[in-house]
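# Sequence and predicted structure, then a few things I'm wondering about:
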Amino acid sequence: MGHREDLLIGAKRCLIEKGYGRTTTRDIVAASGANLASIGYHYGSKEALLNAALLEALDDTGKEISPTQVPDVDPHATPVERFEAVWSHIVERYQTNQQLLLASFEVFAQVDRVPDLKPALADGVEQGRTSMMELFKNIAGENADELDEASMRAVGAFFQAMATGVMAQWLVDPDRAPTGHDLTLALQAMLRWSEAKAPEAAQA
């Protein structure tokens, strides 16, 4: 393994332990075992290295909630039961990746000031939508075949928005942030609303 890889691993460790804003070049050097000059040689700047490390770390985290990594669910479970199992798994991943998630929010907040990072983050968000779409297919089972491509992409974007919102709530207030069970209760309530009849028009 060369200095470039050592620096990336060290930077990822710093992101998890210190966060994006608090990590210094000296921290990265200490964590990687590389020398200070190698940061500029391989990445150009500390920020570029941290950005590369963050994108790779987020990709690693995304793989943890990919369809192949979600715990096995009873094949006879209903779609609602599968929904709860999937979201409970996602929330659990938030609990084990708190510092990394905080670092990602730090970067999102300054994305307009780091133009080179914006396209990579946009690609990452799109990949997240695709992953969430695949998760929905696992939840819906055969019912997923009833949706066209545009609807599936919209569902992926909806779940991605849910994931980001739950992540933000968990980071701010983990004790009261929604759990997989809470999200399932909300889904069941919305399903009941969708089945309710429209109120009769008021008589003139």
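Nice, I can see it.

# Domain map for this protein?
Using automatic domain parsing, the domains assigned to the chain come out as 1-54, 65-190.

# next one: the shortest one to chain centre, how far?
In terms of C-alpha atoms, centre = their mean, to the nearest Å, the centre of domain 1-54 is set 22 Å apart from its chain centre.

# what does the last one give?
Put simply, domain 65-190 sits 6 Å off its chain's centre (C-alpha atoms, centre = their mean).

# Equivalent analysis for stretch 43-56, please.
19 Å.

# thinking again about what came up before, looking at the domains of the chain, which has the lowest confidence?
Least confident of the domains of the chain, judged by mean pLDDT, is domain 65-190 with a mean of 85.

# Mean neighbour count, the domains of the chain: which tops it?
domain 1-54 (a mean of 18; mean count of other C-beta atoms under 10 Å). Every C-beta, even on glycine, is put in place using the N, C-alpha and C of the backbone.

# who's in contact with the helix or strand harbouring Leu135?
Taking DSSP states H and E as the criterion, Leu135 maps to helix 118-140. Defining contact as C-beta atoms under 8 Å, 6 or more residues apart in numbering, one finds that helix 118-140 is touched by 51, 55, 58-59, 62, 65-67, 70, 79, 82-83, 86, 107-108, 111-112, 144, 152-153, 155-157, 159-160, 163.

# what would the domains of the chain look like in TSV with distance to Ala198?
TSV is the format used below for the domains of the chain (distance: least, C-beta to C-beta, whole Å):
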stretch	distance to Ala198
domain 1-54	48
domain 65-190	16
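
# Quick check: Ser194 vs Gln188, distance?
Counting by C-beta to C-beta, to the nearest Å, the separation of Ser194 from Gln188 is 11 Å.

# C-terminal to the helix holding Leu135, what's the next element?
Taking DSSP H and E, what comes next after helix 118-140 is helix 149-172.

# and the angle for that next one with helix 118-140?
100 degrees (axes from the mean of the first three to the mean of the last three C-alpha atoms, to 10 degrees).

# packing partners for helix 149-172?
Contacts defined by 3 or more C-beta pairs under 8 Å, 6 or more residues apart in numbering; DSSP states H and E place helix 149-172 against helix 79-96, helix 98-109, helix 118-140.

# Out of those helices, flag the one nearest Asp27.
Closest of the helices and strands packed on helix 149-172 to Asp27 is helix 98-109, at 13.0 Å (criterion: C-beta to C-beta).

# Against which helices or strands is that closest one packed?
Applying 3+ C-beta pairs under 8 Å, 6+ apart, one finds that helix 98-109 contacts helix 3-18, helix 46-64, helix 149-172.

# repeat that with 10 Å
Helices and strands touching helix 98-109, by 3 or more C-beta pairs under 10 Å, 6 or more residues apart in numbering; DSSP states H and E, are helix 3-18, helix 46-64, helix 79-96, helix 118-140, helix 149-172.

# Need those helices in JSON lines (columns: distance to Thr179).
JSON lines is the format used below for these (distance: least, C-beta to C-beta, whole Å):
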{"stretch": "helix 3-18", "distance to Thr179": "24"}
{"stretch": "helix 46-64", "distance to Thr179": "18"}
{"stretch": "helix 79-96", "distance to Thr179": "6"}
{"stretch": "helix 118-140", "distance to Thr179": "17"}
{"stretch": "helix 149-172", "distance to Thr179": "9"}
